[in-house]
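Visitor: With the sequence up front, the predicted model follows.
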Amino acid sequence: MPHLSLASFRPPLWGLRPSRGLPRSHPISTQSEPNGSAISQRNREAKQKRLRQKQAALEAGIAQKSKSPAESSKAWTPKEIVLYEIPTEHGEKKDVSRPLPPAYSPQYVEAAWYPWWVREGFFKPEYQARLPQATRETFSMCIPPPNVTGSLHIGHALTVAIQDALVRWHRMRGDQVLWVPGSDHAGIATQAVVEKQLWKERGVRRHELSREDFLREVWKWKEEKGGEICEQLRVLGASLDWDRECFTMDAGSSVAVTEAFVRLYKAGLLYRSRQLVNWSCALRSAISDIEVESRPLPGCTELQLPDSPTPVSFGLLFSVAFPVDGEPDAEVVVGTTRPETLPGDVAVAVHPDDSRYTHLHGRQLRHPLTGQLLPLITDCAVQPHLGTGAVKVTPAHSPADAELGARHGLSPLSVIAEDGTMTSLCGDWLQGLHRFVAREKILSALRERGLFRGFQDHPMVLPICSRSGDVVEYLPKSQWFVCCREMGDRAAKAVESGALELSPSFHQKNWQHWFSHTGDWCVSRQLWWGHQIPAYLVVEEHTQGDAKDCWVVGRTEAEAREVAAELTGRPGAELTLERDPDVLDTWFSSALFPFSALGWPQEVLLHSMVRDRQGRKMSKSLGNVLDPRDIINGVELQVLQEKLRDGNLDPTELVIAASAQRKDFPRGIPECGTDALRFALCSHGALGGDLHLSVSEVLSFRHFCNKIWNALRFILNALGEKFIPQPAEELSPASPMDAWILSCLARTARDCERGFLTCELALVTHALHHFWLHNLCDVYLEAVKPVLLHLPRPPGPLQVLFSCADIGLRLLAPLMPFLAEELWQRLPPRPGGAPAPSICVAPYPSALSLEHWHQPELERHFSQVQEAVQALRALRATYQLTKARPRVLLQSSEPGEQGLFEAFLEPLGTLGHCGAVGLLPPAAAAPSGWAQASLSDTVQVYMELQGLVDPQTHLPRLAARRHKLQKQLDGLIARTPSEGEAETQRQQRLSSLQLELSKLDKAASHLRHLMDVSPSPGEL
């Protein structure tokens, strides 16, 4: 089986602090309850405090006002926190001898299991090879390495949830699984953090230390503070082989990085060149294209930038006159958004067909600041309809101008230095000034010379460094570049040929488009923390026949010296080599991570991007970036707001983000638990479009966890202490209800298997949710309760209950590992061979092994029984029968259908909350005075009302309900549909109201008939 590289476009990692959320005690306490109760005194005190707070809110009349429209319509209330307090050493197995607490509590469930899993070696491929169900197939995968300085956000949690579900499924089915953890060194981010720490604690700048001393400080920081992501992964239950943890600066990874650089260079796919690069003056380094944020500005906008003494205005177009040489009254006016680059102008360009400038072709203009002569050139790239149709050409500070200048042989003038100040080429009056201070001085000079022609608002897109918040400059630099076009073509062909498989396949179009529009990649970074480039300058030597610097590449200095000797024809010992002080872009090593860890992948899984419930991308400035621990543990609004204030948002963004948080989470975020979060993330079609996630959705899956919890409490209580399970293959259903639930279980196993095989986890979550909630809890458990009241309890239903719990939990385990382990450990073991020590390594139920239970025809028949149950419940609601258990009769004109219902009469009465259920012969007349509902053209259901309903009391109630519904219907018809309201939803609401009114009219008519007629059902 191939190993799988799970890839997605990695969003930036926000440096959030560790969660300080709603009170969440350490999961393992050294105290135990004397009576074995899991609810401690402080639990009760906390509950009482919450109740007092809730009561106070109600009395103040603010409870309803605090409810956010962004959340579920059902307001959440804090749940009772139950702690696991049995003394347990770290890594020891959790004590499951005590009774289950009365309600599901994530803190209780998630305590102690993970350290035990790790210590026992369940996550190691060597352990899995010894499993009884071992397949001898392998499944290997690595985690996309997150930044060591950051913390995981909800997008990373999606990646982890998908990967871990796949890994756990493969492990349980018997494959030898290796999932490699790791993180990248985050060159820019880590160096910035350590530099700030050195200045804060010791008042020392980086350049006051040697490179070696500074790197020692970075490694020290990494060992002390770089483990937050690993802790988050453990909280999420990621079943990684921690003994194989990788770091992109480890020795093995460093060797791979050097080897890749050397090979790419020798293959002609890596070269050194002087080109324009994205430059961050605040970082004093080149940055990649993906680190440049394109920020749209509607017009004049003030921004506070790093190292700028005052706010700077952008989104303005300044008009400047360039006098025509030899014609005192003639001028060419150009528009610019960057007047600070005027000293670097080397020409003015117009379109050759622009008639306004035809007479000036070949003429020269005077530079408005220096008076130097500049050519007026023509180029088809100029857009004559924009502005005046004339543009200034600054090849050293604009990618478009660099291309234009190259076509016309213009020499660039670099007027902005690495630190954002003006260079000596600008003259003494500007040299050394911050570029945006120089802007104002240049504008003043233009006004004094009478060459300033005004300014106006101008919508534009401003390039911002996502790392520092500074405006990106384009500077000409000698850097190392990777040729991406040829490698991109090969990557595209690998997918076309089938050598590399993309899952899902519809991503192929984007894949091909991406690689057909990629440019060369600048991999040089002016940092100390990272992989130093293995390239050496041969001092005072030039390449043969050229005045360019002589550079050589080698795995070691000795190897580079040999290359230099061969290149120059001089003995290596006589040459002086200086290693390039720059380091490689972090992505150079991160991109190698899957290959250095596992080799070439055979399949790449591309998953969705997580957005909030409103469809917005996760963004700190929107206040919707969430640490998964805040959803797992719960967090107060105050803490969320503190995290925003501790970030690096500018004041305007902070106000917007804080307001958004108060609207979305007015009462903070409730404690949902790890299992609920994982299940919610996997429940979406992760292989399709973007994933819209809301906290209320995660909370609903916590309620689902509670359903499973209560189901197991019921089952364990029913089984008792002396229960001995039968082997699954020997279990034969003793009743139609038993056969139905086992068929549902077999179908669920089949759906789960198909979902895991296709990596479509939404199929798995849907199947499990439907089985546990709608098949087992809502139907079978309710139907079997009266059966279990008989003593001695019949063995058939008990065996069925056990199989549903055992197999159902094993099906659930890859998605909800903590809950599944907690409950499965309490089930009695099946007789025979040694049981698996953990559900992590227990066999995953296969569809084939349960196929003998699958009875699709029986399930279709029972769906008609369920329709009858719904009809009976609807009749009870209509006639407001709360406690009464009326008699019921079913009648079908088809003899076959009569037999169908006959097998389920007892559970039908139980589920419909009715008394005795009987069958009315096909030709018999309808019982007089009984309520009637049609299930189909051939099936009718009748419910006894005589003596159970007082028409004189109920008719006014029905009239009141009808009046209320009619008012809603009239309002809906009269109301103009709101913008964005789906017409289908409106029509569904109209149909629903009309149907309910029809039922009420029918019920009222029936009650009026009861007042006049005395039915005699006993005669039937």
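Guide: Looks like it came in fine. All of these numbers come straight from a predicted model, not from anything done at the bench.

Visitor: how deep is residue 667 tucked in, by neighbour count?
Guide: 17 (other C-beta atoms under 10 Å). Just so you know, the C-beta spots here come from the backbone N, C-alpha and C atoms, and that holds for glycine as well.

Visitor: isn't residue 735 right up against residue 796?
Guide: Yes - if you go by C-beta atoms under 8 Å, residue 735 and residue 796 touch, sitting 6.6 Å apart.

Visitor: Pull the contacting residues for residue 712.
Guide: 100, 805, 809, 823, 826 (C-beta atoms under 8 Å, 6 or more residues apart in numbering).

Visitor: actually residue 530, not the one I typed
Guide: So residue 530 contacts 185, 187, 249, 583-584, 586, 589 (C-beta under 8 Å, 6+ apart).

Visitor: how about 10 Å then?
Guide: 184-188, 190-191, 215, 218, 248-249, 257, 582-586, 588-589 (C-beta atoms under 10 Å, 6 or more residues apart in numbering).

Visitor: Narrow the residues you listed to those in helices?
Guide: Among those, the subset assigned to helices under DSSP state H consists of 187-188, 190-191, 215, 218, 257, 586, 588-589.

Visitor: Which of the helices and strands in this structure ranks last by mean pLDDT?
Guide: strand 4-7 (a mean of 37; mean pLDDT, DSSP states H and E).

Visitor: Would you check how far apart residue 911 and residue 179 are?
Guide: From residue 911 across to residue 179, the span is 44 Å (C-beta to C-beta, to the nearest Å).

Visitor: Of those two, which one has the most company?
Guide: Using other C-beta under 10 Å as the criterion, residue 911 and residue 179 rank with residue 179 on top: 26 against 21.

Visitor: so the more buried one sits right up against residue 122, yeah?
Guide: No - contact criterion C-beta atoms under 10 Å: residue 179 and residue 122 do not qualify, at 11.8 Å.

Visitor: Please enumerate the shared neighbours of the two.
Guide: 168, 171, 239.

Visitor: What average pLDDT does stretch 94-106 get?
Guide: Mean per-residue pLDDT for stretch 94-106: 95.

Visitor: element containing the residue positioned nearest the centre of the chain?
Guide: Centroid-nearest residue in the chain, with C-alpha atoms, centre = their mean: residue 155, separated by 2.5 Å. Using DSSP states H and E, residue 155 sits in helix 154-173.

Visitor: Name the residues of that helix that are buried.
Guide: 154-173 (16 or more other C-beta atoms under 10 Å).

Visitor: Of all the helix elements in the chain, which one is longest?
Guide: helix 983-1012.

Visitor: Give me the buried positions along it.
Guide: 993, 996-997, 999-1000, 1003-1004, 1006-1007, 1010.

Visitor: Max pairwise distance over the contacts of residue 712: which two?
Guide: 100 and 809 (13.5 Å; C-beta to C-beta).

Visitor: Overlap in contacts, these two.
Guide: Common neighbours of residue 100 and residue 809, counting by C-beta under 10 Å, 6+ apart, are 712, 822-823.

Visitor: rewinding a little: counting neighbours around each, name which of residue 100 and residue 809 comes out higher.
Guide: Each of residue 100 and residue 809 has its neighbours counted (other C-beta under 10 Å); residue 809 has more, 24 against 20.

Visitor: Brilliant, that's me finished.
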